[in-house]
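Colleague: sequence-free structure coming up:
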């Protein structure tokens, strides 16, 4: 029976309280993105038909994504009995065993993980946490000849530091902390806060404060609390990690890495959810929130980020994830309001202003965006401003019809990074659009294309510049190459159509315009439709 036929079949012949009825409602809710409704109905379906692998598989995936761990575990156990447990289901079982402090079960599932292969490289680290839980801590053993040795070392320093702190050995933790921070760029602030809380709770206050710069807002709450001395909050924030929590932190780091891999985002969501199940602490929840938002589930991401209290050490980092989730959910005003409040804090980091600036630019407030990007620059010495911040400001000024100011900012960026194709492309194309300094702009775009020859956007800019300069013969093949690299890009295909028309290839020009019209809207769609019907006229030229 096809899914589209299910509602009719249910209404016609299936009892409304049956497993099939609940399963049909769950599938429809699943397809519509209504996660809470889907999970509720999968739960009902599984209760009515607890032996159905089909229901169990769907309920497992949806429950894991939604964070319903009891349902995920029930479904996983049924699937395991049928030999159908997904590989990440083994991780879920390890997390459950560690939460229950069932060290024997944790070892059994860890051995199975090693045998299955997918996550086998985690086994030495997990076994160290199990040994710590059993009261017999042992160092993580990595065999140099092991094919996973290099991969394990990627996560080793952080895990060694956390295990040493859990055992109260500050001196063993310190070199591992330094190594972990030296190798991890993304989420470093979260890691600093965790290590600082752990150290301060072990009375290593000086070492804790050394991890928290006193001129950055992300660390203000933690610094103030640590400086006050031992407190209830510090005892809570810096409590030694349990083996389950240590495993959760490991999976959270793995989720971040999986998210950066092509096709890895769905896996990243599942890993992050299992991480938050094992470790319902701030770091794991922040990672889960980001993975959910980036995977098209911003409301779930928002709910996860809000589980971190604003006055927690990681509170500001969680609020940053809330901003992204609100924006992803289409709640732009709320996102801007929260981003603005974060940027107004004393010693606000550059990232806060960049986040606000991007939101304002998306909302069409280019003046406000330029101010935010300029404020971000003030967090750096004048001779060390990153070129990207100048590009952001220049783009906002250009889009806000303040071209003279924009050009000065973009030229400054080009002096800082003379071989950065993004700057060369933006500065060159903006002048071509205005028919200014065409020869100079063409030279910039030729250099950008040489530096990044496979970028369709830069290739289009160069081809269009050739067209504007009057060299139609040179423009056409360049624009054809750009269109081949970006088959759905409206601007590129319109440029190609205009150049083909000028070259006398009228049929192909109309084909290019129609291809552009497929994804166009507003004035561009009207212009393309007119060109495809009537041919090129001066008033129809691409801007």
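Modeller: Structure's in. What do you need? Remember, predicted model here, so these are calculated numbers, not experimental data.

Colleague: Mind listing what's buried along the helix or strand hosting residue 392?
Modeller: Residue 392 belongs to helix 387-399 when assigned by DSSP states H and E. Buried positions in helix 387-399, judged by neighbour count with 16 or more other Cβ atoms under 10 Å: 387-399. Yep, even glycine has a C-beta here, placed from its N, CA and C like the rest.

Colleague: Adding distance to residue 82 and pLDDT, write these out as a markdown table.
Modeller: Shown next, in a markdown table, are the buried residues of helix 387-399 (distance: Cβ to Cβ, whole Å; pLDDT from 0 to 100):
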| residue | distance to residue 82 | pLDDT |
| --- | --- | --- |
| 387 | 56 | 97 |
| 388 | 51 | 97 |
| 389 | 55 | 98 |
| 390 | 58 | 98 |
| 391 | 54 | 98 |
| 392 | 53 | 98 |
| 393 | 58 | 98 |
| 394 | 59 | 98 |
| 395 | 54 | 98 |
| 396 | 56 | 98 |
| 397 | 61 | 98 |
| 398 | 59 | 97 |
| 399 | 56 | 97 |
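
Colleague: Dump those to JSON lines, plus distance to residue 464.
Modeller: As requested, those are arranged in JSON lines below (distance: Cβ to Cβ, whole Å):
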{"residue": "387", "distance to residue 464": "24"}
{"residue": "388", "distance to residue 464": "24"}
{"residue": "389", "distance to residue 464": "27"}
{"residue": "390", "distance to residue 464": "24"}
{"residue": "391", "distance to residue 464": "20"}
{"residue": "392", "distance to residue 464": "23"}
{"residue": "393", "distance to residue 464": "24"}
{"residue": "394", "distance to residue 464": "20"}
{"residue": "395", "distance to residue 464": "18"}
{"residue": "396", "distance to residue 464": "23"}
{"residue": "397", "distance to residue 464": "22"}
{"residue": "398", "distance to residue 464": "17"}
{"residue": "399", "distance to residue 464": "18"}
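
Colleague: of all the residues you listed, which comes closest to residue 257?
Modeller: Closest approach to residue 257 among the buried residues of helix 387-399 (Cβ to Cβ): residue 388, at 23.3 Å.

Colleague: Next, name the residue at the spatial heart of the protein.
Modeller: residue 294 (4.7 Å; Cα atoms, centre = their mean).

Colleague: ok, back up a step: go through the buried residues of helix 387-399 and name the one nearest residue 323.
Modeller: Distances from residue 323 to the buried residues of helix 387-399, taken by Cβ to Cβ, are shortest for residue 392, at 16.7 Å.

Colleague: my read: that closest one touches residue 373, true?
Modeller: Yes. The pair residue 392 and residue 373 qualifies as a contact (Cβ atoms under 8 Å) at a distance of 4.3 Å.

Colleague: joint contacts of the two?
Modeller: Residues touching both residue 392 and residue 373 (Cβ atoms under 8 Å, 6 or more residues apart in numbering) are 354, 357.

Colleague: Please name every helix or strand in contact with the helix holding residue 392.
Modeller: Applying 3 or more Cβ pairs under 8 Å, 6 or more residues apart in numbering; DSSP states H and E, we find helix 387-399 packed against helix 350-362, helix 366-377, helix 403-416, helix 421-433.

Colleague: between the third one and helix 387-399, how many degrees?
Modeller: Orientation note: helix 403-416 sits at an angle of 160 degrees relative to helix 387-399 (axes from the mean of the first three to the mean of the last three Cα atoms, to 10 degrees).

Colleague: Next, the buried residues of helix 403-416.
Modeller: Buried-residue list, helix 403-416, by 16+ other Cβ under 10 Å: 403, 406-407, 409-410, 413-414, 416.

Colleague: can you give me phi and psi for the closest residue to residue 469 other than its chain neighbours?
Modeller: Spatially, and ignoring its direct neighbours in sequence, residue 469 is nearest to residue 438 (5.4 Å; Cβ to Cβ, 6 or more residues apart in numbering). Residue 438 adopts backbone torsions of phi -60, psi -40, taken as degrees, to the nearest 10.

Colleague: Quick check: residue 438 vs residue 445, distance?
Modeller: 10 Å (Cβ to Cβ, to the nearest Å).

Colleague: of the two, who's got more company?
Modeller: residue 445 (27 against 16; other Cβ atoms under 10 Å).

Colleague: any idea how far residue 424 is from the more buried one?
Modeller: Noted for residue 445: a distance of 7 Å to residue 424, by Cβ to Cβ.

Colleague: And for residue 62?
Modeller: 47 Å.

Colleague: what about these two, which has more around it?
Modeller: Neighbours of residue 62 and residue 424, each counted by other Cβ under 10 Å, are more numerous for residue 424; the result is 28 against 23.

Colleague: which non-adjacent residue is nearest that one?
Modeller: Spatially, and ignoring its direct neighbours in sequence, residue 424 is nearest to residue 448 (3.8 Å; Cβ to Cβ, 6+ apart).

Colleague: Next: residue 188.
Modeller: residue 181 (6.2 Å).

Colleague: Where does the one you found sit: helix, strand or coil?
Modeller: Using DSSP: H, G, I helix; E, B strand; the rest coil as the criterion, the local structure at residue 181 reads helix.

Colleague: pretty sure it contacts residue 191?
Modeller: Yes. Residue 181 lies in contact with residue 191 (Cβ under 8 Å); the separation is 6.4 Å.

Colleague: Which one of these two is surrounded by more residues?
Modeller: The neighbour comparison of residue 181 against residue 191 (other Cβ under 10 Å) goes to residue 191, with 21 against 17.

Colleague: my guess is that one contacts residue 158, does it?
Modeller: Yes. Judged on Cβ under 8 Å, residue 191 makes contact with residue 158 at a distance of 7.0 Å.

Colleague: Quick check: neighbours shared by the two?
Modeller: With Cβ under 8 Å, 6+ apart as the test, residue 191 and residue 158 both reach 180, 184.

Colleague: so how far is residue 283 from the residue nearest to the centre of the chain?
Modeller: In terms of Cβ to Cβ, residue 294 sits 17 Å off from residue 283.

Colleague: And for residue 437?
Modeller: 50 Å.

Colleague: Helix or strand next in line after whichever strand or helix holds residue 56, which one?
Modeller: Per DSSP H and E, residue 56 falls inside helix 53-66. Beyond helix 53-66 in the direction of the C-terminus, DSSP H and E gives the next helix or strand as helix 69-81.

Colleague: what domains does the record give for this structure?
Modeller: Taking automatic domain parsing as the reference, the chain has its domains at 1-85, 119-331, 444-543.

Colleague: So for residue 101, which of those sits nearest?
Modeller: Residue 101 lies closest, by Cβ to Cβ, to one member of the domains of the chain: domain 119-331, at 6.3 Å.

Colleague: give me every residue that touches residue 480.
Modeller: residue 496.

Colleague: change it to 10 Å
Modeller: 459, 463, 492, 496, 499-500, 508, 512 (Cβ atoms under 10 Å, 6 or more residues apart in numbering).

Colleague: Now distance to residue 331, neighbour count and pLDDT too, for those, in TSV please.
Modeller: Listed next are those as TSV, based on distance: Cβ to Cβ, whole Å; neighbours: other Cβ atoms under 10 Å; pLDDT from 0 to 100:
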residue	distance to residue 331	neighbour count	pLDDT
459	37	26	97
463	39	27	97
492	32	27	97
496	38	32	97
499	42	26	96
500	43	24	97
508	44	16	96
512	38	26	95
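
Colleague: Can you tell me which of these is nearest residue 205?
Modeller: Using Cβ to Cβ, those come closest to residue 205 at residue 459, 56.4 Å.

Colleague: for the closest one, phi and psi?
Modeller: Per degrees, to the nearest 10, the backbone of residue 459 is at phi -60, psi -40.

Colleague: any idea of the pLDDT on the closest residue to it other than its chain neighbours?
Modeller: Leaving aside its sequence neighbours, residue 459 sits nearest to residue 482 (Cβ to Cβ, 6+ apart; 4.0 Å). pLDDT for residue 482: 97.

Colleague: now the one 4 residues further on
Modeller: At residue 486, the model reports a pLDDT of 95.
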